[in-house]
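> coordinates only, no sequence provided:
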Ligand SMILES: NC(=O)c1ccc[n+]([C@@H]2O[C@H](COP(=O)([O-])OP(=O)(O)OC[C@H]3O[C@@H](n4cnc5c(N)ncnc54)[C@H](O)[C@@H]3O)[C@@H](O)[C@H]2O)c1
């Protein structure tokens with residue numbers, strides 16, 4: 001039986017992960033970490049350094065502010081960790097990569113199979129369409145989301161940008177400039193409202209034709225089940241950085 005710690009256990013995603021694990025006979029939650037305790041059916045620690053139960057894996061859906069505490073614990077105890085939190089700075093992402101040399105880390109901005117598939121499709125479309133098409137990404141999320149643009153929008157932009165040797169600049173929301181769209185950019189636009197779980201469109205706009213690759217998540221369960229699958233995958237892995245490409249072959 002795999003023993004898991006959920007970081008951000010009392011949040012929306014933490015509770016979804018706990019529900020997903022409850023239905024799985026191969027993994028159980030031994031503890032949670034959260035700033036608040038809203039009555040979870042397992043012990044909630046306020047920080048990682050207080051944890052006194054052994055665990056095989058950590059699943060993190062918390063907040064960027066929890067990163068240092070999380071990584072210190074994971075490295076010190078050699079516990080593999082699935083990081084799902086979004087909104088990290090470039091420095092924090094560099095720290096995640098550095099720590100993956102000491103313990104196994106599964107890190108992706110989106111744990112849904114569908115989103116990872118559209119990343120691969122967007123990359124293929126960019127390679128076929130080339131620089132004759134302008135790429136714009138539109139993401140929509142609920143009004144409680146803290147970060148913008150979404151980690152997934154950046155993940156999609158990075159997939160397209162790889163095709164162009166990472167030479168394209170990212171232009172966010174385009175409101176601060178009054179000028180024509182240059183060729184060497186990807187536009188990224190965020191919409192926040194209501195209870196939208198997560199929608200992403202990658203628009204390839206060419207001369208007289210437009211191709212749109214879309215994904216829409218109907219519930220947060222898709223992210224929870226993807227993160228639990230990642231936890232089961234990473235639990236016995238050596239140090240290193242892993243993502244959905246290690247679980248599914250998108251090529
Ligand atoms: N990668 C993915 O597929 C994916 C999918 C959904 C959400 N997310 C991300 O997961 C994160 C959590 O999302 P959510 O909707 O559950 O948010 P939420 O606000 O409902 O939950 C976050 C939880 O983390 C706790 N928390 C905040 N700071 C903390 C700290 N320093 N130490 C310990 N606990 C702390 C909060 O008390 C809260 O219970 C967000 O960054 C979100 O963007 C990622």
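Right, received. Where do you want to start? Note that the structure is a prediction, hence the values are computed from the model and not measured.
> so where does residue 125 fall, helix or strand?
Taking DSSP states H and E as the criterion, residue 125 maps to helix 113-129.
> neighbouring contacts of that helix?
Helix 113-129 is contacted by residues 108, 110, 133, 135, 152, 155-156, 159-160, 162-164, 200, 202, 204, 206, 211, 213-215, 217, 222, 226, 244-245, 248, 250-251 when judged by CB atoms under 8 Å, 6 or more residues apart in numbering. Every residue, glycine included, has its C-beta placed from N, CA and C.
> in strands, which of the residues you listed appear?
Assignment to strands by DSSP state E places the following of the contacts of helix 113-129 there: 135, 200, 202, 204, 211, 213-215, 217.
> buried members of those into ChimeraX, please.
Here is the ChimeraX command that selects the buried residues among the ones in strands among the contacts of helix 113-129 (16 or more other CB atoms under 10 Å):
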select :135,200,202,204,213,215,217
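> part of a strand, is residue 35?
No. Counting by DSSP: H, G, I helix; E, B strand; the rest coil, residue 35 falls outside a strand, being coil.
> and the residue of the chain closest to the ligand?
Closest contact between the chain and the ligand, by CB to the nearest ligand atom, is at residue 11 (1.9 Å).
> ok, that residue to residue 234 distance?
Counting by CB to CB, to the nearest Å, the separation of residue 11 from residue 234 is 21 Å.
> likewise residue 164?
The gap separating residue 164 from residue 234 is 31 Å, by CB to CB.
> and these two? Which one has more around it.
Remark: of residue 164 and residue 234, residue 234 carries more neighbours, 23 against 15, as counted by other CB atoms under 10 Å.
> my read: the more buried one touches residue 104, true?
Yes. Judged on CB atoms under 8 Å, residue 234 makes contact with residue 104 at a distance of 5.1 Å.
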